[in-house]
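Participant: this one's structure only:
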Ligand code: SAM
Ligand code: SF4
């Protein structure tokens, strides 16, 4: 795997130099935080229907999550994404957004954002905007109500649509994330492009990853995006563009709509060489890679002292162990998850 040198030690503003440099000279400037492992949906590729969730007492408090995030910001993290499980079902979650917005005000943080299934957006969209959130990701895999029910098991399609409308009305830039699912939504992608681009939203397609046990067989769901792109390009003019959002998506602009379409291809095109992120769970475990099991416990150093010295040292030590990349495999012979924890635990 080739490692690009030009992504190293990036510090766009000079106000908060990147201090977390991993063994492969990648600057870690992006933290994704799962604030709960719980969710009001049970998407088929993400969870089994009967999940056992963590006892609430094991979760970091919102104050502790704030302290964790702030410690990373002090170490040069420039982008925070709040995720889950479903982050907007965590009780009093707006307190965390409000509190973290102080780092946006001071200029030490560039972006505070969220990934959500959209179910609670009509309640929270304007509050998110008031906290300085500018862009959000909404996960939506289909525009067909029956399919939506089949994919999410418990989701309410109308609520999500209403949530998206409220988010746009609040002035948030919305990106729709759709997991490409063989035989489920592959025939709908044209409609999804028209839906998203018609409302000024980007659309990003994601390949399913082998994370956690689910009820079905992942080989039945997996749809390589190289095939999707080849198919789309028969009907749409896809022009590669250098647009980047700090995430792993590669974007094209669709000439006919003028909108952007992203591809996240952890399976067919591994993008680990430019990885700038780490993931914190709601119990304070830091995963240095979504696709590897190695982790660091940050809860113990957080709770051990009121000063952040121990925590900062633990963060630095964890980053020194960030692996080169993941090795996801989905095929009939490897019919087990590459990592046993669900995406909702590590934070998608
Ligand atoms: N509940 C929120 C949501 O759905 O947006 C945030 C957490 S969810 C785990 C984040 C993203 O991970 C979603 O876009 C979801 O589609 C995606 N996801 C979950 N499991 C996945 C898997 N096995 N492979 C690829 N994407 C997955
Ligand atoms: Fe919940 Fe998001 Fe997982 Fe769906 S993808 S079950 S909405 S955490």
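Facilitator: That came through fine. Note that this is a predicted model, so its numbers are computed, not measured. Ligands and ions are numbered 1, 2, ... in the order given.
Participant: need the pLDDT of the residue of the stretch 101-250 of the chain found nearest ligand 2.
Facilitator: Closest approach between the stretch 101-250 of the chain and ligand 2, counting by Cβ to the nearest ligand atom: residue 117, at 3.5 Å. C-beta: built from backbone N, CA, C; applies to glycine. For residue 117, the pLDDT comes out at 98.
Participant: mind listing the strands for the stretch 1-150 of the chain?
Facilitator: Counting by DSSP state E, counting those that start in this stretch, the stretch 1-150 of the chain has strands at residues 30-34, 79-83, 111-116, 135-139.
Participant: how about CSV for those strands, with mean neighbour count added?
Facilitator: Shown next, in CSV, are the strands of the stretch 1-150 of the chain (neighbours: other Cβ atoms under 10 Å):
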stretch, mean neighbour count
strand 30-34, 24
strand 79-83, 23
strand 111-116, 22
strand 135-139, 22
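Participant: in space, what's closest to residue 286 - neighbours in sequence excluded?
Facilitator: Excluding the flanking residues, the one nearest residue 286 by Cβ to Cβ, 6 or more residues apart in numbering is residue 296, at 4.6 Å.
Participant: in a strand, that neighbour, correct?
Facilitator: Yes - per DSSP: H, G, I helix; E, B strand; the rest coil, residue 296 lies within a strand segment.
Participant: check contacts around it.
Facilitator: Taking Cβ atoms under 8 Å, 6 or more residues apart in numbering, we find residue 296 in contact with 285-286, 288, 314-315, 317-318, 321.
Participant: repeat that for residue 138.
Facilitator: Contacts of residue 138 by Cβ under 8 Å, 6+ apart are 115-118, 121, 160, 163-164, 167, 174-177.
Participant: near ligand 1 too, which of the residues you listed?
Facilitator: 115-117, 177 (Cβ under 6 Å from any ligand atom).
Participant: isn't residue 178 right up against residue 141?
Facilitator: Yes - using Cβ atoms under 8 Å, residue 178 is in contact with residue 141, at 4.8 Å.
Participant: quote the end-to-end distance of stretch 202-215.
Facilitator: End-to-end span of stretch 202-215 (Cα to Cα, to the nearest Å): 31 Å.
Participant: got it, and stretch 220-234?
Facilitator: End-to-end distance of stretch 220-234: 25 Å, with Cα to Cα as the criterion.
Participant: how far off centre is it?
Facilitator: Taking Cα atoms, centre = their mean, to the nearest Å, one finds the center of stretch 220-234 at 21 Å from the center of the full chain.
Participant: tell me the mean pLDDT over it?
Facilitator: For stretch 220-234, mean pLDDT rounds to 92.
Participant: tell me, how many neighbours does residue 107 end up with?
Facilitator: Neighbours of residue 107 under the rule other Cβ atoms under 10 Å: 10.
Participant: now do the same for it: its pLDDT.
Facilitator: Reported pLDDT for residue 107: 97.
Participant: 646 is where my numbering starts, stick with that
Facilitator: Right, with 646 as the first residue, what we last looked at is residue 752.
Participant: so can I have a markdown table of the ones next to ligand 1 among the contacts of residue 783 showing distance to residue 691?
Facilitator: Shown next, in a markdown table, are these (distance: Cβ to Cβ, whole Å):
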| residue | distance to residue 691 |
| --- | --- |
| 760 | 12 |
| 761 | 14 |
| 762 | 10 |
| 822 | 12 |
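Participant: need the contact list for residue 929.
Facilitator: The contact partners of residue 929, taken as Cβ under 8 Å, 6+ apart, are 705, 709, 713, 942-944, 947.
Participant: the nearest residue to it once chain neighbours are set aside and residue 736, how far apart?
Facilitator: Spatial nearest neighbour of residue 929, excluding adjacent residues (Cβ to Cβ, 6+ apart): residue 944 at 3.1 Å. Note on residue 944: its distance to residue 736, by Cβ to Cβ, to the nearest Å, is 20 Å.
Participant: is it true that residue 848 lies in a strand?
Facilitator: Yes - judged by three-state DSSP, residue 848 forms part of a strand.
Participant: measure residue 717 to residue 724 for me?
Facilitator: From residue 717 across to residue 724, the span is 10 Å (Cβ to Cβ).
Participant: identify the contacts common to those two.
Facilitator: residue 676.
Participant: quick one: name the residues of this structure near ligand 2.
Facilitator: Residues of the chain lying near ligand 2 by Cβ under 6 Å from any ligand atom: 684, 686-688, 691-692, 729-731, 762, 784, 989.
Participant: go again with 8 Å.
Facilitator: 684-688, 690-692, 729-731, 760, 762, 764, 784, 797, 800, 824, 987-989, 993 (Cβ under 8 Å from any ligand atom).
Participant: quick check: mean pLDDT of the helix or strand residue 813 falls within?
Facilitator: Element membership for residue 813 (DSSP states H and E) is helix 802-814. For helix 802-814, mean pLDDT is 98.
Participant: surely residue 757 touches residue 746?
Facilitator: Yes - counting by Cβ under 8 Å, residue 746 is a contact partner of residue 757 at 6.4 Å.
Participant: common neighbours of the two, please.
Facilitator: 776-777.
Participant: tell me the buried residues in stretch 829-844?
Facilitator: 829-830, 833-834, 837-842 (16 or more other Cβ atoms under 10 Å).
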